[in-house]
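Q: Quick check, what structure comes out for this input:
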Amino acid sequence: DSGEVLGGCWEIVFTVLGHVRRLRKLHEAAAETTPDAAGEKDDDSYEIDAALTAEQSNARLVHRTIPEEMMDRIYQRSTLLSSRAGQDFFTFLCRVSETEIFGHVQGGTTLPPPAAKKRSPDTSSLHSLIEAVHYNMDSRPRLVFGQIWKIVSDHLARVALTADRSVSLFAVDSLRQLSINYLKKEELQEFQFQRRFLKPFTVIMKGSDDRNLRELVLRSVAQIVIVCGQGRDPTLRSGWRSVFAVLGLAAADRDAGVVALGHEILLRQVAAARARGFPHSGPLLSQYVVGLSTALVGYAGCDAEATCLHTIEQFVGLCEVLAKTLAGAQAEEPAAGGGGQSLELETWWPILLGISQRVGDDRINVRQKALHVLIDLIVKNFTDSEDQLQILQLIFRGILVPVLDNAEMEEEMDINIRSLLPLSFTTFVPSRHSSSTPTRAASSEQDWLHTTFDPFLDGCLRLSTKIMSRYGDGAMTDELLTLLNHCVLSPSDTVAVKGLHRLQAMLVDGPGARIAPKTWQAVNHMLRRCILESSPTKVVRRGSAAGDPDRLDVREAEMSRQGRPVVACAAIEVVGQVIQNKACVESMGKEMFVVLMQGLSLAIGHWEHAVEFSGGSQLRPHPLEIAFHGEKHIVHALKALVAMIEEREMSDKDSEMRSMLMGHTRSIFGTYLSKETALGENSLDDPFEEACRVAEFGHLNGLVVELLEGFNELDDTHLFMISWLYPILSDLIQTNNKAVRSAIQVLISRIFGNVLSIKQAGGTN
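A: Have a look, this model is predicted:
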């Protein structure tokens with residue numbers, strides 16, 4: 001009757017009840033072993049028996065005067081207490097239970113006496129607590145009981161994690177029984193009471209060091225699923241999230257037996273879904289699938305490789321069920337509008353994201369399996385459906401591009417980087433080092449870069465090609481550029497070069513002729529940034545602005561002098577191939593052609609004026625070779641530039657292009673003459689520098705001949721338009737090189753033959 005006002009006095013009440021229960025047990029134990037020692041008499045005498053100790057006499061007296069039913073009524077009538085009084089009731093009951101088990105209150109300031117630590121834990125109040133929870137579970141509103149359960153669950157979790165094994169196992173088993181009873185009641189929509197009720201299992205699974213206890217938690221969860229999560233009308237709703245959280249924690253367990261048990265329980269859910277479908281629909285379907293797939297992802301990355309491969313394979317069957325379920329849901333509710341697509345994205349996203357993370361796994365078999373499953377799932381479930389373009393674009397940006405971040409791609413320092421140079425790259429600078437210098441060891445053939453990078457990019461390109469065949473050429477262009485830009489800006493030279501190779505294939509061999517002007521601007525920005533980032537000038541400015549250069553380590557100082565030559569070569573190759581491709585030139589227009597030519601000239605200038613020449617080591621090309629590679633592409637592009645200029649209706653852009661043509665031609669011929677003069681006047685003291693100069697001039701000689709022959713291949717109309725070339729040829733013919741003079745004579749003969757005759761026939765001055 002006074003329970004509403006007891007407040008903190010409940011602690012005294014429960015302490016006394018604990019003593020009473022202990023005395024009753026003492027008397028019952030004595031009666032079972034030696035009935036005569038219990039001092040039982042037929043009368044109701046309360047006299048003290050001299051043959052008994054004081055504690056035995058008290059036990060006999062308590063047993064006679066305080067029946068068990070009287071104490072049980074205290075816990076039964078706790079259901080009549082108000083919300084506030086009920087919370088006090090359970091708070092102090094937990095406190096007394098903690099004192100009985102540990103000898104003191106956990107976290108308290110008063111330490112127990114040494115003797116208390118050695119005694120066996122008393123679980124009398126813990127049993128009473130479980131009974132009281134049973135009484136209040138059905139009689140109180142969910143909100144009120146939720147407050148009580150927060151107090152009780154914290155106590156049970158604390159006991160399970162810190163008490164003796166027998167007490168811990170009892171606490172987990174009690175949680176299991178309480179959970180099953182609670183989950184049998186149907187949960188109202190939009191409520192999360194089940195998830196909160198099952199939270200202690202997650203806490204115990206995460207914090208316990210006892211393998212047996214963690215296994216009991218898993219078996220308890222499995223029984224909860226069997227009782228409450230199966231059948232035609234399962235009552236387990238929001239609790240699935242806690243169930244899958246516990247199973248997911250088992251995937252990262254340090255004990256292989258626990259991992260295997262959790263995996264087995266989880267695969268039962270996959271098998272049940274494949275056999276009977278998912279247990280819920282609508283919003284609950286999303287919660288169930290997300291929880292199940294998140295837990296599966298954990299096992300796809302566990303230490304046991306066989307478990308990983310088996311789990312990844314299970315995603316295939318799970319996704320088949322998911323696709324059928326979503327298709328059925330959309331057919332039943334066609335008027336849902338974007339809701340169906342939202343549900344589709346919510347359920348598919350964690351699956352695809354989890355598998356994509358495994359593409360970056362350290363184990364080759366796991367990542368190759370994950371990549372194969374990932375691409376197949378996207379192709380099978382998204383490319384053949386209508387109105388999926390937006391989701392596919394999101395998948396590219398949010399699923400596929402981050403794969404490059406998850407993968408371990410370190411800078412290549414132990415392979416022949418010359419193997420990454422363009423096929424047309426010309427090497428002419430001799431090595432400053434002795435040929436007996438030992439070569440570096442070959443890099444690992446099992447790392448991500450050598451085994452998975454190319455298949456990953458190929459898979460992305462195949463996927464984008466399939467998408468563009470359905471939605472149009474421009475459907476995935478931005479997404480592809482985002483992916484390739486991620487590669488191009490990688491700190492790894494190998495990744496950057498391979499990304500540039502794919503960009504070149506996309507522009508030259510792919511839909512380059514149908515690329516929009518806006519996309520060409522993005523391509524130009526990507527290439528120009530790559531040229532600047534890889535140039536020695538750019539890197540030197542960064543190093544000088546960082547502070548004291550003496551603080552840089554040796555490799556950083558070397559990079560600040562040399563830049564990233566192999567990346568620069570690949571970027572120059574892409575620009576050169578694009579501006580030589582007729583379809584690309586027609587697509588990009590004159591303005592973008594000029595911009596790309598300017599970028600190519602910028603790259604050449606950076607490498608021509610490189611301060612330090614490393615001497616052509618076995619791993620990096622010489623700056624002179626890089627500049628010459630750019631000059632070759634300039635020469636190849638000049639013929640296309642002549643054809644693009646409209647002489648009759650000269651616009652500002654045509655005038656700019658004509659100036660560019662004249663400038664590059666004069667620069668190439670003028671450089672050739674100056675280097676020839678310098679080579680004939682004196683020789684350098686350094687044999688290496690002299691050898692570089694001779695080799696460079698020999699290849700420059702061939703470049704001049706190629707340019708002259710290119711002008712000679714122009715038709716008469718275009719050749720007539722470059723009359724500004726005549727004075728330049730009169731200077732160039734003074735060269736001592738026979739091949740150059742012969743090419744000039746052929747060109748001049750044609751000019752003064754066919755072209756001038758056409759000019760005279762036209763009556764022009």
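Q: Stretch 70-86: end-to-end distance?
A: 19 Å (CA to CA, to the nearest Å).
Q: Residue 566 against residue 625, yeah?
A: No - taking CB atoms under 8 Å as the definition, residue 566 is not a contact partner of residue 625, at 11.2 Å. For the C-beta atoms, the positions are set from N, CA and C on the backbone; glycine is no exception.
Q: Please work out which residues outside stretch 527-538 touch it.
A: 488-489, 496, 500, 539, 561-565, 567-568, 571-572, 574-575, 596, 599, 602-603, 606-607, 609-612, 623 (CB atoms under 8 Å, 6 or more residues apart in numbering).
Q: Out of the residues you listed, name the ones that lie in helices.
A: Where the contacts of stretch 527-538 overlap with helices, as defined by DSSP state H, the overlap consists of 488, 496, 500, 539, 561-562, 565, 567-568, 571-572, 574-575, 596, 599, 602-603, 606-607, 623.
Q: Restricted to buried residues, select the residues you listed in PyMOL.
A: What follows is the PyMOL syntax for the buried subset of the ones in helices among the contacts of stretch 527-538, where burial is set by 16 or more other CB atoms under 10 Å:
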select buried, resi 488+496+500+539+561+562+565+567+568+571+572+574+575+596+599+603+606+607+623
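Q: in the stretch 51-200 of the chain, which spans are strands?
A: Along the stretch 51-200 of the chain, no stretch is classed among the strands by DSSP state E, counting those that start in this stretch.
Q: low-scoring stretches of it, by residue?
A: The stretch 51-200 of the chain contains residues with pLDDT under 70 at 51-55, 104-119, 189-190.
Q: mind redoing it with 50?
A: Across the stretch 51-200 of the chain, the stretches falling below the confidence threshold (pLDDT under 50) are 107-118.
Q: Helices of that one, start to end?
A: For the stretch 51-200 of the chain, the helices defined by DSSP state H, counting those that start in this stretch cover 54-65, 68-76, 83-102, 114-118, 124-139, 142-162, 165-183, 193-197, 199-207.
Q: where do the strands sit along this structure?
A: Counting by DSSP state E, the chain forms no strands at all.
Q: Show me which residues of the longest helix anywhere in it are buried.
A: Among the elements of type helix in the chain, defined by DSSP H, the one spanning the most residues is helix 652-681. For helix 652-681, the neighbour count (16+ other CB under 10 Å) marks 653-654, 657-658, 660-661, 664-665, 668-669, 671-672, 675-676 as buried.
Q: likewise stretch 224-233?
A: Across stretch 224-233, burial judged by 16+ other CB under 10 Å covers 224-225, 227-229.
Q: Dump it to CSV, restricted to CA.
A: Extracted as CSV, the C-alpha positions of stretch 224-233 are listed here (Å, rounded to 0.1, in the frame of the first residue of the first chain):
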residue,chain,number,x,y,z
ILE,A,224,14.3,-16.1,-31.3
VAL,A,225,14.2,-16.2,-35.1
ILE,A,226,12.7,-19.7,-35.1
VAL,A,227,10.0,-18.8,-32.7
CYS,A,228,9.1,-15.3,-33.7
GLY,A,229,10.6,-14.7,-37.2
GLN,A,230,9.2,-17.6,-39.2
GLY,A,231,5.7,-18.7,-40.3
ARG,A,232,3.0,-17.0,-42.1
ASP,A,233,2.6,-14.2,-39.7
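Q: now it: mean pLDDT?
A: If you average the pLDDT over stretch 224-233, you get 86.
Q: Show me what that stretch is in contact with.
A: Residues lying outside stretch 224-233 but in contact with it, judged by CB under 8 Å, 6+ apart, are 176, 179-180, 183-184, 198, 234-236, 239-240, 243, 265, 268-269, 272, 279.
Q: where does that stretch sit relative to the chain's centre, distance-wise?
A: Relative to the chain's own centre, stretch 224-233 is displaced by 35 Å; criterion: CA atoms, centre = their mean, to the nearest Å.
Q: one step back: let me see the mean pLDDT of the longest helix of the chain.
A: Predicted confidence along helix 652-681 averages 84 (mean pLDDT).
Q: Same check on stretch 626-644?
A: Per-residue pLDDT over stretch 626-644 has a mean of 85.
Q: Next: stretch 457-475.
A: The pLDDT scores in stretch 457-475 average 84.
Q: re earlier: how about the buried residues of stretch 224-233 in JSON lines, adding distance to residue 193?
A: Output for the buried residues of stretch 224-233, formatted as JSON lines (distance: CB to CB, whole Å):
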{"residue": "224", "distance to residue 193": "15"}
{"residue": "225", "distance to residue 193": "18"}
{"residue": "227", "distance to residue 193": "17"}
{"residue": "228", "distance to residue 193": "13"}
{"residue": "229", "distance to residue 193": "16"}
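Q: of those, closest to residue 692?
A: Relative to residue 692, the closest of those is residue 225; by CB to CB it sits at 75.0 Å.
Q: Distance-wise, check the closest one relative to residue 243.
A: To residue 243, residue 225 is 6 Å away according to CB to CB, to the nearest Å.
Q: cool, residue 295 as well?
A: Noted for residue 295: a distance of 9 Å to residue 243, by CB to CB.
Q: Over to residue 397?
A: Counting by CB to CB, the gap from residue 397 to residue 243 is 32 Å.
Q: Might you list the low-confidence residue ranges for the stretch 351-500 of the chain?
A: Screening the stretch 351-500 of the chain residue by residue with the criterion pLDDT under 50, one finds the ranges 434-443.
Q: ignore the last one, the stretch 201-350 of the chain
A: Ranges of the stretch 201-350 of the chain meeting pLDDT under 50: 335-338.
Q: returning to that earlier point: and the buried residues of stretch 224-233, which of them are in helices?
A: Helix and strand membership here follows DSSP H; of the buried residues of stretch 224-233, those in helices are 224-225, 227-228.
Q: ok, residue 744 touching residue 709?
A: No - judged on CB under 8 Å, residue 744 makes no contact with residue 709 at a distance of 10.5 Å.
Q: So between these two, which is more surrounded?
A: With other CB atoms under 10 Å as the criterion, residue 744 and residue 709 differ in neighbour count, and residue 744 comes out ahead with 20 against 12.
Q: so what's that one closest to, chain neighbours aside?
A: residue 733 (4.8 Å; CB to CB, 6 or more residues apart in numbering).
Q: For the one you found, give its distance to residue 504.
A: According to CB to CB, residue 733 and residue 504 sit 38 Å apart.
Q: Neighbour count: the two, which is higher?
A: Each of residue 733 and residue 504 has its neighbours counted (other CB under 10 Å); residue 504 has more, 23 against 14.
Q: For the more buried one, give me its contacts.
A: Going by CB under 8 Å, 6+ apart, residue 504 touches 573-574, 577-578.
Q: Go through those residues and say which is closest to residue 88.
A: Using CB to CB, the shortest approach to residue 88 within those belongs to residue 574, at 75.3 Å.
Q: Skipping adjacent residues, who's closest to that closest one in space?
A: With CB to CB, 6+ apart as the criterion, residue 574 has its nearest non-adjacent residue at 4.6 Å, and that residue is residue 504.
Q: hang on, the earlier thing: contact partners for the residue nearest to residue 744?
A: Contacts for residue 733 (CB under 8 Å, 6+ apart) come out as 741, 744-745, 748.
Q: Next, format those residues as JSON lines and append pLDDT and distance to residue 689.
A: Putting these into JSON lines (pLDDT from 0 to 100; distance: CB to CB, whole Å) gives the following:
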{"residue": "741", "pLDDT": "89", "distance to residue 689": "28"}
{"residue": "744", "pLDDT": "88", "distance to residue 689": "30"}
{"residue": "745", "pLDDT": "88", "distance to residue 689": "34"}
{"residue": "748", "pLDDT": "85", "distance to residue 689": "36"}
